[in-house]
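Novice: the sequence and its predicted three-dimensional model are supplied below.
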Amino acid sequence: GGIITQTPKFLIGQEGQKLTLKCQQNFNHDTMYWYRQDSGKGLRLIYYSITENDLQKGDLSEGYDASREKKSSFSLTVTSAQKNEMAVFLCASSPGLNQDTQYFGPGTRLLVL
Amino acid sequence: GQQVQQSPASLVLQEGENAELQCNFSSTATRLQWFYQRPGGSLVSLLSNPSGTKHTGRLTSTTVTKERRGSLHISSSQITDSGTYLCAMERGSNAKLTFGKGTKLSVKS
């Protein structure tokens, strides 16, 4: 088995601040994903990465940057936090892109004051 | 518009009752996936199938791709089944998952 770790668990930021969320997996999976979950809405894909140093935009990439520094880690940066923003950011990984089960981390809860 | 619609939005059951969760999608899908999320917890993949019926334990997933609908049946519900069930439509690859808003299930004793 393996595990996905997300840090921090809770993130409180100020309007306009640049905020970075980190994700680590020890499954040795090739593909990693970042999703945003808002209350009352489904998950939306922000960025994904097929392998180390690869980066692909999802449906919600505007306002975010991502970095796949090595196979086991994938970080997400909110380039300018929006006031009153509140969401959960979920990281996931899968062996590949094609019909493989995605495994999710516990999430980072963001609140912008 | 919303590409994946789940119903009902919420469901309250007595322990032992069966649950039927529906998922309708507005465009062509290659596969339907079901996930479970406990309050404040991460998502866990339950079942996925391109078409037909698939079972695991007390869960049965049925997908009718041509009719753009699917369902998740939970038999003999237990209190620990409480949480949010998310349906996701896959369009060609894992990266193209479109999620519904979820069905919140509460099972009471």
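Specialist: Nice, thanks for sending it over.

Novice: could you pick out the longest strand of the chain?
Specialist: I went with chain A, as the question did not name one. Taking DSSP state E as the criterion, chain A has its longest strand at strand A:86-94.

Novice: that was the other one, I meant chain B.
Specialist: Per DSSP E, chain B has its longest strand at strand B:83-91.

Novice: note down every partner strand of that strand and its orientation.
Specialist: Strand B:83-91 sits in its sheet next to strand B:31-37 (antiparallel), strand B:93-99 (antiparallel), strand B:103-108 (antiparallel), going by DSSP bridges.

Novice: get me the contact residues on chain B for chain A.
Specialist: B:4, B:31, B:35, B:41-45, B:48, B:86, B:88, B:90, B:93-95, B:97-102 (C-beta under 8 Å from any C-beta of the partner chain). Where you see a C-beta, it was placed from the backbone N, CA and C, and this is true even at glycine.

Novice: make a ChimeraX selection of the buried ones in the residues you listed.
Specialist: The following ChimeraX line selects those of those that are buried, judged by 16 or more other C-beta atoms under 10 Å in any protein chain shown:
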select /B:4,31,35,42,43,45,48,86,88,90,93,94,95,97,98,99,100,101,102
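
Novice: quick revisit: contacts for the longest strand of chain B, please.
Specialist: Here strand B:83-91 makes contact (C-beta atoms under 8 Å, 6 or more residues apart in numbering or on different chains) with A:42-43, A:99, B:3-4, B:6, B:21, B:23, B:25, B:27-39, B:41, B:43, B:46, B:48, B:70, B:72, B:96-100, B:102-105.

Novice: just the buried ones from those residues, in ChimeraX syntax?
Specialist: A single ChimeraX command selects the buried members of the contacts of strand B:83-91 (16+ other C-beta under 10 Å):
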select /A:42,43 /B:3,4,6,21,23,25,29,31,32,33,34,35,36,37,43,46,48,70,72,96,97,98,99,100,102,103,104,105
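
Novice: okay, the angle between the helix or strand of chain B with the lowest mean pLDDT and strand A:86-94?
Specialist: Across the helices and strands of chain B, mean pLDDT, DSSP states H and E gives its lowest value to strand B:93-99, namely a mean of 79. Relative orientation of strand B:93-99 versus strand A:86-94 (axes from the mean of the first three to the mean of the last three C-alpha atoms, to 10 degrees): 150 degrees.

Novice: what about the closest residue to B:Leu105 other than its chain neighbours, how many neighbours?
Specialist: Nearest residue to B:Leu105, sequence neighbours excluded (C-beta to C-beta, 6 or more residues apart in numbering or on different chains): B:Leu11, at 5.1 Å. Close neighbours of B:Leu11, defined as other C-beta atoms under 10 Å in any protein chain shown, add up to 18.

Novice: and if you look at the one 4 residues further on?
Specialist: Using other C-beta under 10 Å as the criterion, B:Glu15 is surrounded by 13 other residues.

Novice: what sits closest to it if chain neighbours are left out?
Specialist: B:Ser109 (5.2 Å).
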